[in-house]
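Asker: this one's structure only:
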């Protein structure tokens with residue numbers, strides 16, 4: 001990316017009940033669970049969630065403690081900006097959120113927090129500070 005950031009996170013703009021900004025995948029899944037998606041949006045969600053499951057490591061599968069609230073408070077996943085195919089597919093999720101009036105943003109950083117998990121495509125970090133996930 002032109003700004004020199006190494007990582008990008010796509011997240012909601014409103015804090016959840018734990019005081020964190022939820023990721024866009026979770027936000028779309030919440031809309032689906034509430035029955036708010038159109039048939040086309042639901043087809044997109046199912047197909048793309050399956051694609052991510054097949055092509056992207058779930059950090060919790062590698063380390064079940066990565067999102068443990070006591071060990072890693074506020075842990076959040078960030079894409080590496082070099083993970084182009086994974087980052088590009090996020091656009092459809094953002095379109096769904098926009099259509100439902102759910103605020104979202106792309107946050108970029110070269111140092112979003114203490115890395116507790118890393119693979120070729122992503123990191124999971126404990127943010128340096130509470131509140132906004134970006135540094």
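Answerer: Yes, it's here. Predicted model only: the values in this text are computed from it and were never measured. Numbers count the residues shown, from 1 in each chain.
Asker: show me where this structure has its helices.
Answerer: Here the chain has its helices, by DSSP state H, at 24-33, 39-55, 59-62, 84-88, 90-99.
Asker: residue 106: which of the ones you listed is closest?
Answerer: For the helices of the chain, proximity to residue 106 was assessed by C-beta to C-beta; helix 90-99 is nearest, at 8.3 Å. Any C-beta I mention is one placed from the backbone N, CA and C, and that applies to glycine too.
Asker: from residue 61, how far off is residue 104?
Answerer: Note on residue 104: its distance to residue 61, by C-beta to C-beta, to the nearest Å, is 26 Å.
Asker: out of the helices of the chain, which is closest to residue 121?
Answerer: Closest to residue 121 of the helices of the chain, according to C-beta to C-beta: helix 84-88, at 5.5 Å.
Asker: surely residue 83 and residue 118 touch.
Answerer: No - the criterion here is C-beta atoms under 8 Å, and residue 83 misses it with residue 118 at 11.9 Å.
Asker: if you count surrounding residues, which of the two has more?
Answerer: In this view residue 83 and residue 118 are compared by other C-beta atoms under 10 Å, and residue 83 has more residues nearby, 17 against 13.
Asker: local confidence estimate at the residue lying farthest from the centre of the chain?
Answerer: Most distant from the centre of the chain: residue 39, at 23.1 Å, with distances by C-alpha atoms, centre = their mean. Note for residue 39: predicted pLDDT of 98.
Asker: now swap in the one 4 residues further on and tell me
Answerer: Residue 43 carries a pLDDT value of 98.
Asker: and residue 104 and residue 61? which has more neighbours close in?
Answerer: Remark: of residue 104 and residue 61, residue 104 carries more neighbours, 21 against 9, as counted by other C-beta under 10 Å.
Asker: and that one, what are its bridge partners?
Answerer: Here residue 104 shows beta-bridge partners residue 12, assigned using DSSP bridges.
Asker: distance of it from residue 72?
Answerer: 23 Å.
Asker: now the helices of the chain as TSV including distance to residue 126?
Answerer: Converted to TSV, those look like this (distance: least, C-beta to C-beta, whole Å):
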stretch	distance to residue 126
helix 24-33	18
helix 39-55	23
helix 59-62	13
helix 84-88	22
helix 90-99	22
